[in-house]
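Trainee: okay, predicted coordinates and the sequence, questions at the end:
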Amino acid sequence: MEHFDPQKFIELVARLENNAELSIETIENDTFPLLKLKKNKFDYLFSLPFSLYTSVNSSNKIEQLVAFLVQKRSDSLIINFPPFTELTVCKAQELASKYKCHLSINTCHIVNTDRSLEEVISTFNSTRKKHIKRYQKAEQLKVFQTLEPYYFDEYYKLYLDSVNRWENGNIGYSKELIANLHLVPGIRMWVAELEGKVISAMICIYHQDHVFDWLAASIINDDLKKLYAPVAVQFEVIRHAVEHGLKYVNMGASVNLLGVSDFKDSWGASEHETYTFNKTSTFFKVSKKIVTNIKKLLS
């Protein structure tokens with residue numbers, strides 16, 4: 001199975017964004033790509049290899065990484081540490097205080113797939129089991145994995161529809177980025193089709209021993225609701241992980257999205273802590289505050 005390549009991903013972003021630069025950094029003979037973005041005269045740094053889909057198993061290396069990156073020139077530095085990292089709340093707070101970073105502690109949902117499919121299904125709640133049976137019995141949906149560019153274009157349409165339903169309505173990903181994700185090793189899409197029309201899709205990142213549910217979107221209306229397309233897609237992702245010997249499915253975070261956390265809990269997922277360190281310049285903080293106040297006055 002082809003694994004995710006963080007460097008290829010950053011190279012894609014750098015190629016699509018004229019204001020993006022890629023650099024290869026080294027800490028104790030370990031190299032990792034670092035993404036630098038320049039937007040509105042601000043310099044942003046992202047340590048993408050250590051985000052939700054990559055493990056860091058040494059607490060010493062974690063501190064070395066933080067110490068190294070806070071010395072880099074930037075207006076906003078973001079360092080993400082995933083579940084199963086050798087990091088505790090106390091240690092994270094200690095590092096944040098020592099290196100003057102803002103610390104955000106969130107949770108993500110993990111489904112253990114290192115067991116039989118029957119054992120995994122036994123952890124689903126009764127509603128989820130019922131919906132899976134209805135999807136399977138109806139045989140109306142075609143659910144499959146794909147790398148065809150057409151489906152990445154179709155996903156973006158679903159994504160825009162989802163953004164319009166969210167309260168903030170912010171578009172976080174460009175059409176060009178989504179359209180080219182199939183070029184990155186380890187990124188695959190799962191699709192649910194009804195009579196040739198895509199009604200639900202999920203972009204997943206396959207890396208080492210697990211899969212990360214990165215982006216998901218569906219058509220939501222009364223006519224399609226009882227087809228349980230999002231359930232069908234998630235179930236096939238989990239089933240595929242079990243059958244291919246992956247240890248877990250990372251369903252990601254559910255920050256400020258009503259109902260999403262309940263949906264993930266229904267799959268028998270357990271919650272695990274993730275940590276984000278953010279360091280910003282004084283000018284950046286003041287500028288952002290001014291912009292926020294202006295938007296409030298104009299709203």
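Mentor: Received it, and whenever you're ready, just let me know what you need.
Trainee: how does the protein divide into domains?
Mentor: According to automatic domain parsing, the chain is divided into the following domains: 6-107+274-298, 110-272.
Trainee: out of these, which gets the lowest mean score?
Mentor: Sorting those by mean pLDDT places domain 6-107+274-298 lowest, at a mean of 80.
Trainee: now it, how far from the chain's geometric center?
Mentor: 15 Å (C-alpha atoms, centre = their mean, to the nearest Å).
Trainee: returning to what we had before: possible to save the domains of the chain as CSV with mean neighbour count?
Mentor: C-beta: built from backbone N, CA, C; applies to glycine. Compiled in CSV, the domains of the chain are given as follows (neighbours: other C-beta atoms under 10 Å):
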stretch, mean neighbour count
domain 6-107+274-298, 16
domain 110-272, 17
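Trainee: checking Thr127 next. Helix, strand or coil?
Mentor: Of the three states, Thr127 takes helix according to DSSP: H, G, I helix; E, B strand; the rest coil.
Trainee: show me the contacts for it.
Mentor: The contact partners of Thr127, by C-beta atoms under 8 Å, 6 or more residues apart in numbering, come to Ser266.
Trainee: what's the end-to-end length of stretch 106-124?
Mentor: The first and final residues of stretch 106-124 sit 23 Å from each other (C-alpha to C-alpha, to the nearest Å).
Trainee: residues in contact with the helix or strand containing Ile110?
Mentor: According to DSSP states H and E, Ile110 maps onto strand 102-112. Counting by C-beta under 8 Å, 6+ apart, the neighbours of strand 102-112 from elsewhere in the structure are 52, 82-83, 89, 92-93, 95-96, 120, 123, 238, 241, 247-255, 261, 264-265, 267-280.
Trainee: listing partners with orientation, what would you give for it?
Mentor: The strands that strand 102-112 pairs with in its sheet are strand 248-253 (antiparallel), strand 270-280 (antiparallel) (by DSSP bridges).
Trainee: can I get the helix or strand that the shortest one is followed by in PDB, CA atoms only?
Mentor: Note on strand 248-253: by DSSP H and E, the next helix or strand toward the C-terminus is helix 260-265. Backbone C-alpha positions of helix 260-265 (Å, rounded to 0.1, in the frame of the first residue of the first chain) are rendered in PDB as follows:
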ATOM      1  CA  VAL A 260     -20.000  15.600  14.100                       C
ATOM      2  CA  SER A 261     -18.600  14.500  17.400                       C
ATOM      3  CA  ASP A 262     -21.800  12.400  18.000                       C
ATOM      4  CA  PHE A 263     -21.400  10.800  14.600                       C
ATOM      5  CA  LYS A 264     -17.800   9.700  15.400                       C
ATOM      6  CA  ASP A 265     -18.800   8.400  18.800                       C
END
